[in-house]
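Q: Build me a structure from this.
(2 chains)
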Amino acid sequence: DQQVKQNSPSLSVQEGRISILNCDYTNSMFDYFLWYKKYPAEGPTFLISISSIKDKNEDGRFTVFLNKSAKHLSLHIVPSQPGDSAVYFCAASVISNFGNEKLTFGTGTRLTIIP
Amino acid sequence: ETGVTQTPRHLVMGMTNKKSLKCEQHLGHNAMYWYKQSAKKPLELMFVYSLEERVENNSVPSRFSPECPNSSHLFLHLHTLQPEDSALYLCASSPGVSYNEQFFGPGTRLTVL
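A: Now for the predicted structure:
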């Protein structure tokens, strides 16, 4: 049972346009959401996050939107640049039975920016 | 060295071999994690350590044995693995287990023949 879903395995966007990556979740206990970016042969790197008590967080070209009623979040990148080509993972956090914050990841979306 | 490092980056082993994966974090963090990423599957949390104490074991088979000798080093000892254990093994660290943001190493690509 996948609690965090990224239904689009890949996305291609023209350079300069907006990239929108989507993520859906099922567990209403998630209290924090994160986006990670991964280049080939590297580990995932943290990009941006949002608390469940907010609906928007912005950091430069990156904005994350959270719609709790729909259990949906999205990452907007504008304008998209060639260096944004990577795999993007959505992750959601909840306090586990052991007291630690536990991340549950989606399967990722491969974003390709076309010059 | 900065961040989180992992060695080796690639490993091929037979089912009867014993090998170890090593992770080192240079961030002064107190929590370390092992994840497994199989093809077309999401990252799966395997183990969590806080100040060298194991906090969580996510129903991982005993052929995977973690070791955390200090807060900067984490090992994953492997023995009698199966071909389905072939995957990318990622190590991560965070300031503490109550922090959401984790910092990942580049991973070890493991192939079990």
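Q: which residues does the spatially most central residue of chain B contact?
A: Centroid-nearest residue in chain B: B:W34, 3.1 Å away (criterion: CA atoms, centre = their mean). Residues near B:W34 by CB atoms under 8 Å, 6 or more residues apart in numbering or on different chains: B:23, B:45-47, B:66, B:74, B:76, B:89-91. The C-beta positions use only the backbone N, C-alpha and C, and glycine is treated the same way.
Q: Keep only those residues that also lie close to chain A.
A: Among the contacts of B:W34, the residues within reach of chain A (CB under 8 Å from any CB of the partner chain) are B:45, B:90.
Q: And the buried ones among the contacts of B:W34, selectable in PyMOL?
A: To isolate the buried ones among these in PyMOL, judged by 16 or more other CB atoms under 10 Å in any protein chain shown, type:
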select buried, chain B and resi 23+45+46+47+66+74+76+89+90+91
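Q: would CSV of the contacts of B:W34 with pLDDT be doable?
A: Converted to CSV, those look like this (pLDDT from 0 to 100):
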residue, pLDDT
B:C23, 98
B:L45, 93
B:M46, 95
B:F47, 94
B:P66, 95
B:L74, 97
B:L76, 97
B:Y89, 97
B:L90, 97
B:C91, 98
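Q: May I see the contacts of B:W34 arranged in JSON lines, with secondary structure as well?
A: Shown next, in JSON lines, are these (DSSP: H, G, I helix; E, B strand; the rest coil):
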{"residue": "B:C23", "secondary structure": "strand"}
{"residue": "B:L45", "secondary structure": "strand"}
{"residue": "B:M46", "secondary structure": "strand"}
{"residue": "B:F47", "secondary structure": "strand"}
{"residue": "B:P66", "secondary structure": "strand"}
{"residue": "B:L74", "secondary structure": "strand"}
{"residue": "B:L76", "secondary structure": "strand"}
{"residue": "B:Y89", "secondary structure": "strand"}
{"residue": "B:L90", "secondary structure": "strand"}
{"residue": "B:C91", "secondary structure": "strand"}
